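[1] Mind folding the following:
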Amino acid sequence: MTADNRREQLISLGPEALSDALLILASRHDDAAEVIDWMLAPAQENLKRCKERMARFKRTRTWIGRGECRQLVQELLALLDDLRIAHGDPSTGVELVASFYETDHAVFNHCDDAGGAVGEVFRTTARDLFVEYASLCDQKPWLRERVLGLLAEDGFQVRGALVERAAEFLEKPHLRGMVERLWSLFDCAPDGAPKGHWLGQIESLAGQLKDPALFEKARLTAQPDLPPASCFDLAEVYLQAGDPRSALDWLDRIPDSDPVKAEERKRMRLRAIDCDRSCP
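    Next up, the predicted model:
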């Protein structure tokens, strides 16, 4: 039975049966009781509790070893679940998840995330919740600036995940504005400071904008002497943007004997040739 089928069957039981079942679960499990308390509490009370919990994460000084990270992951996921319940209007939801991202410095400075599970919470679960709220938020200039503010302080490189789905909550003019600001962040970074992640974010936005020239500029800035793998990436971006001739040009720069993505290159070349023949 699929999750959707179970959901429909539960709905068909009606509110009284579900309420009784929840109360039984709450009497046996503290977590279920806490969920009920959240559902019944006033929205402002839930918001206050969420903010207090995020503040505790920011104040943490306890070191969490690799073997204890699983518990930390569960706590972070539970906090995101609470943010989902407590958010209120979309802009409040955006601000709450943005505040969650701002706990990253304290979290990563006090845990051994060698396995990457903690980072995955920020890169995937938190990102998806942010996009859910941001897509409903109509304050687009504020939203763009909030995201850019997060990116400017992305010391642990988990906030950049928001860029991967930026086109789902920002229109093209705002995406272009983000690109300009990311170039500024890159250009103004001190010598020796890590800054390549901003070029990666520009590449992501270039893909969402279907702007292969922008992607090419960012990649050439990062790698002036392009390796075969980058030539392949550029060919793919140009092909996706509907420019098969440029795609073929980049594929031709990879020696036939090079093993990098050899089979994928053959398939892409055939696609590019077919596309070029069908183009007017």
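[2] contact partners of the host helix or strand of residue 206?
    With secondary structure defined by DSSP states H and E, residue 206 is part of helix 196-209. Applying Cβ atoms under 8 Å, 6 or more residues apart in numbering, the set of residues contacting helix 196-209 from outside is 151, 154, 157, 160, 163-164, 166-167, 172, 175-176, 178-179, 182-183, 185-186, 189, 212, 214-215, 218-219, 221-222, 237, 240. No exception for glycine: its C-beta is placed from N, CA and C like everyone else's.
[3] Of these, which belong to helices?
    Filtering these for membership in helices, criterion DSSP state H, returns 151, 172, 175-176, 178-179, 182-183, 185-186, 212, 214-215, 218-219, 221-222, 237, 240.
[4] Only whichever of the residues you listed are buried, select them in ChimeraX.
    Here is the ChimeraX selection string for the buried members of the ones in helices among the contacts of helix 196-209, based on 16 or more other Cβ atoms under 10 Å:
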select :151,175,178,179,182,183,185,186,212,214,215,218,219,221,222,237
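[5] How many residues are close by residue 108?
    Close neighbours of residue 108, defined as other Cβ atoms under 10 Å, add up to 17.
[6] In the chain, what helix or strand scores lowest on average pLDDT?
    The helix or strand of the chain with the lowest confidence, counting by mean pLDDT, DSSP states H and E, is helix 30-40 at a mean of 65.
[7] Please pull up the helix or strand immediately following it.
    Stepping forward along the backbone from helix 30-40, the first helix or strand reached (DSSP H and E) is helix 43-59.
[8] Who are the packing partners of that following helix?
    When contacts are defined as 3 or more Cβ pairs under 8 Å, 6 or more residues apart in numbering; DSSP states H and E, helix 43-59 sits against helix 69-86, helix 90-101, helix 104-109.
[9] Could you verify my assumption that residue 166 touches residue 175?
    Yes - taking Cβ atoms under 8 Å as the definition, residue 166 is a contact partner of residue 175 at 6.1 Å.
[10] Centroid-nearest residue for the chain?
    Most central in the chain under Cα atoms, centre = their mean is residue 161, positioned 3.1 Å from the mean C-alpha point.
[11] wait, that one sits on residue 125?
    No - shown here, residue 161 and residue 125 do not form a contact pair, counting by Cβ under 8 Å, at 10.0 Å.
[12] Can you tell me the closest non-neighbouring residue to residue 138?
    Beyond its immediate neighbours in the sequence, the residue positioned closest to residue 138 (Cβ to Cβ, 6 or more residues apart in numbering) is residue 90, lying 7.8 Å away.
[13] could you measure the one you found against residue 142, distance?
    Separation of residue 90 from residue 142 (Cβ to Cβ, to the nearest Å): 11 Å.
[14] Pick out whichever of these two has more residues nearby.
    Remark: of residue 90 and residue 142, residue 90 carries more neighbours, 18 against 13, as counted by other Cβ under 10 Å.
[15] who's in contact with that one?
    Under the criterion of Cβ under 8 Å, 6+ apart, the contact partners of residue 90 comprise 133, 134, 136, 137, 138.
[16] Just the closest of these to residue 260, please.
    Distance from residue 260 was checked for each of the contacts of residue 90 by Cβ to Cβ. The minimum falls on residue 134, at 36.4 Å.
[17] Quick check: closest non-adjacent residue to the closest one.
    The nearest residue in space to residue 134 (Cβ to Cβ, 6+ apart) is residue 169, at 3.6 Å.
[18] Number of residues surrounding the one you found?
    The local packing count at residue 169 equals 22, with neighbours defined by other Cβ under 10 Å.
[19] any chance of the helices and strands packed on helix 43-59 in JSON lines, with mean pLDDT too?
    What follows is those, written out as JSON lines (pLDDT from 0 to 100):
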{"stretch": "helix 69-86", "mean pLDDT": "89"}
{"stretch": "helix 90-101", "mean pLDDT": "95"}
{"stretch": "helix 104-109", "mean pLDDT": "95"}
